[in-house]
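1. Pasting a predicted model and its sequence here:
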Amino acid sequence: MVVHGADVLLGADHLKVFMMVLCLAADRANTAVDPDGDLRNQPVVIEHFVFLLDDVRAEEFAAGIKDPDVVVRVEGDFLMVALDLDVWRPEAAGRP
């Protein structure tokens, strides 16, 4: 999922909750079935969302959403957030 104009989210009281809900919802959806609708028979895919920023630098936005349950990465102009699999899937089963 790509969120365009994500600048407006910086500083919102619910930003960390929003990030977590997006990551958890996508993770649940993708670990239940394959893209063809069949039950998953392959390892899970690492879920992530891309936030496209207009004016705020990605590093600045990333600093505002640090949370121990997610991994936040900045690559160029892109900010990516994913579930931290060390927290959510500490066992080898269910990990990519």
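-> Yep, it's here.
2. Might you calculate how far the helix or strand harbouring Arg73 sits from the centre of the chain?
-> Counting by DSSP states H and E, the element that carries Arg73 is strand 70-75. Relative to the mean C-alpha coordinate of its chain, strand 70-75 is positioned 8 Å out (CA atoms, centre = their mean, to the nearest Å).
3. so what strands line up beside whatever helix or strand comes next after that strand?
-> Proceeding N to C from strand 70-75, the next assigned helix or strand is strand 78-83, under DSSP H and E. Using DSSP bridges, the neighbouring strands of strand 78-83 in the sheet come out as strand 48-52 (antiparallel), strand 70-75 (antiparallel).
4. could you redo these as CSV and give each row mean neighbour count and distance to Leu22?
-> C-beta: built from backbone N, CA, C; applies to glycine. Written out in CSV, the entries for the strands paired with strand 78-83 read as follows (neighbours: other CB atoms under 10 Å; distance: least, CB to CB, whole Å):
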stretch, mean neighbour count, distance to Leu22
strand 48-52, 17, 5
strand 70-75, 16, 10
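5. Run through the residues that contact the nearest residue to Gly11 once chain neighbours are set aside.
-> The shortest distance from Gly11 to any non-neighbouring residue, by CB to CB, 6 or more residues apart in numbering, is to Gly64 (6.8 Å). Counting by CB atoms under 8 Å, 6 or more residues apart in numbering, Gly64 makes contact with 10-11, 15.
6. Lowest average confidence across helices and strands of this structure, where is it?
-> strand 48-52 (a mean of 74; mean pLDDT, DSSP states H and E).
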